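Visitor: Below: sequence and its predicted model.
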Amino acid sequence: MIHHLFLPVLGNEILSRLEDQASCSLRPHAEATLAFTTDSFVVRPIFFPGGDIGKLAVYGTVNDLAMGGATPLFLSAAFILEEGLPIDDLRRVVVSMREACDAAAVTLVTGDTKVVDRGKGDQIFITTSGVGFVPAGRSLSAASCRAGDRIILSGTIGDHGIAIMSVRENLEFETTLESDTAALADLTRVMLEVCPGIRCMRDPTRGGVSSALHEIAAASHVGMSLSETAIPVRAEVSGACEILGLDPLYVANEGKLIAIVPRDEADRVIEVMRAHPLGARAAVVGEVVDEHRGMVVMRSRVGGERVVTMLAGEQLPRIC
Amino acid sequence: MGKVDFNGVIKRVCLHHVPDAQPGEYVIVHVGFALQRVDEAEAHKVFEFLEGMDQLDELRVEES
Amino acid sequence: MKFLDEYRDEAAARKLVRAIEDVATRSWTIMEVCGGQTHTIVKYGIDELLPQGIELVHGPGCPVCVTALETIDRAHAIASRSDVIFCSFGDMLRVPGSAGDLLQLKSHGSDVRVVYSPLDAVAIAAAHPGKQVAFFAIGFETTAPPNAMAVWMAARRGLTNFSVLVSHVLVPPAMTAILEAPDNRVQAFLGPGHVCTVVGYEEYEPLASKYRVPIVITGFEPVDMLEGLLLAIRQLEERRAEVENAYGRAVRREGNPASRALIDEVFEVCDRKWRGVGNIPRSGLRLTPAYATFDAEQRFAVSAIETQGLQRGRPSPISSGPARSRLHSTIASCSATAAVVACRLI
């Protein structure tokens, strides 16, 4: 849809880069670069273990800014409410957004509300936009990765997607697992302090780690080589994936990041990440290679190799 | 119906096909049904075979 | 995870690979029967660990991939109705019919729901008495007891708004078809461990002796697969052709008698068309006359939907070798690991 419908009509130098955020030069008005992004949030159920749609809407946009090396500053929020949404539910969401803004050190400065007839929406949809600034001289890009770079993951994968699934109709299971939804801007700040040369960062939301790595591999014309045993996965996530027939590499995260870092600086970055509460289980999970360009290949725990294929759409529970 | 635990994930399953299964035992679960009890003694066999291989290797090393 | 981690241990896998190298003196072609086993091969790169000359042939296809085109079209016809909630296992939603897949139908407004268990579909029927709830009952023998149970429960609860679109397939007739094919290259089978968990392996014994082919009932983890291969290759090298059980922790010779009884109560054997293969005699299950009122094909009068001409499915594994790229794309469309696991009862 993006490549066939939107870009041919709306494409321009900035939009067509398809980064998670737009970097807009403010020259000659100012030295810093403006980072600008927008995202819509539809999630069912709207309250789930570890979070709700309000938190997601704030953190998701904050994280898109942070992945570009920006310091997030201001947000907007637009609500589409389905008639009949209990006012207490709406209040819970709004209070949660306030808490999230405080935690992420951003200010929600403008907003809008529309109500649609019952059946024309699904309880609540939220669109947030965010602006921040990127210090002069900093430029992260998915197209800048090269062979030898290390692939760093900030923690366990799949927590959000599995937490949502655990409360989804017809799939319910009991677990203490919670969504990992969190603002990553403070983590990226300390990472960039020790390593200004980080090539690029991505938050592996929908489509999971696999999808984010495929994007980077394609943009940089490199291969991605992963080691299965290095990838942190919680026991409950791997358990739920086994039962439902899913692969954690494709499951969504909302508080994790992938960073591509020059080889010699990986240790330093890992060190500051592990000292940060959101990066305690950070690990080098693989490296960028010249071989199999555009592809992601993983060494399995028994030593064989597997091509991690690109998956179109959401993973579905399977029987065989 | 009963409950099974798999790595901290708890799921309700139908136990109709494994009437003798006791709590604490392992069962093979598929699409919400326990289909068979896991035989622990049988489960060890392949590892016993692998240990046997190790011992054979040690003997070979000693002989050479 | 007990019964999982130890079967994914690299050291154990390496030792088994070494044992295979010690035993194999020549080339052998071995088929793993179950799609779940194929997944394990791809996911862990098992084929790369094996000595040159040991060729794995993948087939005859999983129950999702082999579901006939007209059956998918019948599912579409049922799911398109405004009075129907159509329930299915997730992996059936992306299988293309003549006019797209069920996921597309859902995006166009049909009420298509993914369920984890057939009992969830029964629960949906009980909760929506004003709607017709149809469940897409597919699978090998492994999934037959759960699907039979759903029908049995619906009957016992007197649910008149529940029905099943049955497209069950049976493994031994497909293996027979492979062995009867004039260009058959398969010299031994890794038998389907979870199918045998339910129905046992007595039925495989005459196959092994009639066609002089080793059949090793095999589990789904890397160590299981390598052990299965080791036993199969040892039989080939020793010119034996027996049924061996390498999945003893889950498989007894007689299977699970309670499950078999339930299958026999609800289903009977019938001919079945396999997508990409064609008709295989006595290779399917359908509802017995006693449960015919739960037949979705009859209830929604869709039996007449036939597909003319070429069945465009995946190429038949029976006559084609394992192309790794093709295999990867097959796995991608079908997705991750076998959803059969050993859990602790609490």
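Guide: Happy to help now that I have it.
Visitor: rest of the way, CA atoms for contacts and neighbours
Guide: Fine.
Visitor: those helices in chain B, which residues are they?
Guide: Under the criterion DSSP state H, chain B carries helices at the ranges B:40-63.
Visitor: okay, the closest residue to A:D112 other than its chain neighbours: pLDDT?
Guide: Nearest non-adjacent residue to A:D112, counting by Cα to Cα, 6 or more residues apart in numbering or on different chains: A:A78, 4.5 Å away. For A:A78, the pLDDT comes out at 97.
Visitor: now swap in the one 5 residues further on and tell me
Guide: Reading off the confidence values, A:E83 has pLDDT 95.
Visitor: Next, it: phi, psi?
Guide: Per-residue torsions, A:E83: phi -50, psi 130 (degrees, to the nearest 10).
Visitor: I'm curious whether the top helix by length along chain C, anywhere along its length, sits up against chain A.
Guide: Using DSSP H, we find that the single longest helix of chain C is helix C:222-237. Yes: residues of helix C:222-237 contacting chain A under Cα under 8 Å from any Cα of the partner chain: C:P222.
Visitor: Can you mark which positions in that helix are buried?
Guide: Along helix C:222-237, these residues count as buried under the neighbour rule (16 or more other Cα atoms under 10 Å in any protein chain shown): C:222-236.
Visitor: Give me the nearest residue to residue 26, chain neighbours excluded.
Guide: Because you didn't say which chain, this covers chain A. Nearest residue to A:L26, sequence neighbours excluded (Cα to Cα, 6+ apart): A:T33, at 5.9 Å.
Visitor: let's do chain B instead
Guide: Spatial nearest neighbour of B:Y26, excluding adjacent residues (Cα to Cα, 6+ apart): C:R344 at 4.3 Å.
Visitor: Those residues of the stretch 1-150 of chain A touching chain B, which are they?
Guide: Within the stretch 1-150 of chain A, no position is near chain B by Cα under 8 Å from any Cα.
Visitor: All the strands of the stretch 1-150 of chain A, residue numbers only.
Guide: A:22-25, A:33-41, A:47-48, A:51-52, A:71-82, A:107-116, A:124-134, A:150-153 (DSSP state E, counting those that start in this stretch).
Visitor: Most tightly packed of those?
Guide: A comparison of the strands of the stretch 1-150 of chain A by mean neighbour count, using mean count of other Cα atoms under 10 Å in any protein chain shown, puts strand A:150-153 on top with a mean of 26.
Visitor: Need the contact partners of that strand.
Guide: With contact meaning Cα atoms under 8 Å, 6 or more residues apart in numbering or on different chains, strand A:150-153 is reached by A:231, A:256-263, A:266, A:270, A:282-288.
Visitor: That one pairs with which strands?
Guide: When pairing is defined by DSSP bridges, strand A:150-153 lines up against strand A:258-261 (antiparallel), strand A:283-289 (antiparallel).
Visitor: most packed of those?
Guide: Compared across those, strand A:258-261 shows the largest average neighbour count, a mean of 26 (mean count of other Cα under 10 Å).
Visitor: model confidence over that strand, on average?
Guide: Rounded mean pLDDT across strand A:258-261 is 98.
Visitor: so how far is it from its chain's centroid?
Guide: Averaged C-alpha coordinates place strand A:258-261 at 13 Å from its chain's average position (Cα atoms, centre = their mean, to the nearest Å).
Visitor: can you check stretch A:289-297 too?
Guide: Worked out by Cα atoms, centre = their mean, stretch A:289-297 lies 22 Å from the chain centre.
Visitor: Run through who's touching it.
Guide: Here stretch A:289-297 has contacts from A:146-149, A:210, A:213-214, A:217-218, A:221-226, A:305-309, using Cα under 8 Å, 6+ apart.
Visitor: send the alpha carbons of that stretch over as CSV?
Guide: Extracted in CSV, the C-alpha atoms of stretch A:289-297 (Å, rounded to 0.1, in the frame of the first residue of the first chain):
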residue,chain,number,x,y,z
VAL,A,289,27.6,-9.3,7.1
ASP,A,290,28.4,-8.9,3.4
GLU,A,291,26.9,-12.3,2.5
HIS,A,292,23.2,-13.0,1.9
ARG,A,293,22.4,-9.3,1.3
GLY,A,294,18.9,-8.3,2.2
MET,A,295,18.4,-11.5,4.1
VAL,A,296,18.3,-12.4,7.8
VAL,A,297,20.0,-15.7,8.6
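Visitor: Now it: buried residues?
Guide: Under 16+ other Cα under 10 Å, the buried positions of stretch A:289-297 are A:V289, A:R293, A:G294, A:M295, A:V296, A:V297.
Visitor: For chain C, which element, helix or strand, carries the lowest mean pLDDT?
Guide: Lowest on mean pLDDT, DSSP states H and E among the helices and strands of chain C sits helix C:324-334, with a mean of 40.
Visitor: and after that one, which helix or strand comes next?
Guide: Downstream of helix C:324-334, the first helix or strand assigned by DSSP states H and E is strand C:340-345.
Visitor: Remind me what that following strand packs against, helices and strands.
Guide: Counting contacts by 3 or more Cα pairs under 8 Å, 6 or more residues apart in numbering or on different chains; DSSP states H and E, strand C:340-345 is packed against helix A:235-244, strand B:2-6, strand B:26-30.
Visitor: Which one, of these, ends up nearest to B:V46?
Guide: strand B:26-30 (18.1 Å; Cα to Cα).
Visitor: what lines up beside the closest one in the sheet?
Guide: For strand B:26-30, pairing defined by DSSP bridges yields strand B:33-37 (antiparallel), strand C:340-345 (antiparallel).
Visitor: ok, and the closest non-adjacent residue to the residue of the stretch 1-150 of chain C found nearest chain B?
Guide: Of all residues in the stretch 1-150 of chain C, C:S117 sits closest to chain B, at 4.6 Å by Cα to the nearest Cα. Distances taken as Cα to Cα, 6+ apart put B:V31 closest to C:S117, at 4.6 Å, once the chain neighbours are dropped.
Visitor: And for C:G45?
Guide: Nearest non-adjacent residue to C:G45, counting by Cα to Cα, 6+ apart: A:G304, 3.9 Å away.
Visitor: Please tell me how far the one you found sits from C:D47.
Guide: Note on A:G304: its distance to C:D47, by Cα to Cα, to the nearest Å, is 8 Å.
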